[in-house]
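>>> Turn this into a structure:
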Amino acid sequence: MVWIQDGDSLIIKNGKKKRTVRLQGIDSPEKGQPYAQEAKRAAINLAKNRIVRVLVKESDRYGRTVAKVILPDGQNMSHAMVAMGLAWRHIYFAKDPILKTLEAEARKKRLGLWADKNPTPPWVWKRQHRF
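Just a heads-up that it's a prediction; the model follows:
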C-alpha cells in the first residue's frame, strides 16, 4: 500500500511495517515551490493505494530508503515523473541515462515545470529558502 508525501517521496506499507521511500534519481518541486502540487497530484494518480515493487538501492542521509519504484503497469515511477515534466533528473544522484533523455524531451515539449522559462531546481530552491 502506498501513500504520497510529495512528488518524489512515498510511504510504503508492507504488512504492519511502514517505510519512507525516496524515488531514485529524481527531485520534484518542494512544498511552496511552483509545480509542487502538480507533482504530488501526479504521484497520487500513479501510485496511491496501489501495490508497487520497491527495488531498494540505498539509504540517504536522512535514513530514507532510496529505491526504484515499479508501478503496477511495469513503469518506473521516476521515469514517469520526469517524462511528465514534474521532476528533475537529480544532477548529483541520477545514474540512470534514461532520465537524462526523458528530461530533455520534457524540456523540449515544455511539459509541466518546463513551461516556465527558467524553473528553479529544488536543491537550489532549498538553499535560497533556508531560515
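>>> Per-residue pLDDT of residue 2, please?
Looking at residue 2, its pLDDT reads 78.
>>> same thing with residue 131?
50.
>>> With residue 125 instead?
Residue 125 is given a pLDDT of 88.
>>> What segments of the chain are strands?
Applying DSSP state E to the chain gives strands spanning 2-6, 9-14, 17-23, 26-27, 53-59, 65-70, 88-89.
>>> Relative to residue 40, tell me which of the ones you listed wins on proximity.
Closest approach to residue 40 among the strands of the chain is made by strand 2-6 (5.3 Å; C-beta to C-beta). Heads up, the C-betas are built off the backbone N, CA and C, glycines and all.
>>> got the contact list for residue 96?
Contacts for residue 96 (C-beta atoms under 8 Å, 6 or more residues apart in numbering) come out as 24, 25, 78, 79, 89.
>>> Okay, helices next: where are they in the protein?
36-47, 77-83, 97-109, 122-128 (DSSP state H).
>>> possible to save those helices as a markdown table with mean neighbour count and distance to residue 2?
Output for those, formatted as a markdown table (neighbours: other C-beta atoms under 10 Å; distance: least, C-beta to C-beta, whole Å):
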| stretch | mean neighbour count | distance to residue 2 |
| --- | --- | --- |
| helix 36-47 | 19 | 5 |
| helix 77-83 | 25 | 10 |
| helix 97-109 | 15 | 21 |
| helix 122-128 | 13 | 21 |
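>>> To residue 57, which of those helices lies closest?
Using C-beta to C-beta, these put helix 77-83 closest to residue 57, at 10.9 Å.
>>> what's in contact with the closest one?
Applying C-beta under 8 Å, 6+ apart, the external contacts of helix 77-83 come out as 7-8, 23-26, 28, 39, 42-43, 46-47, 52, 68-71, 87-89, 96, 98-99, 102-103, 105-106, 111.
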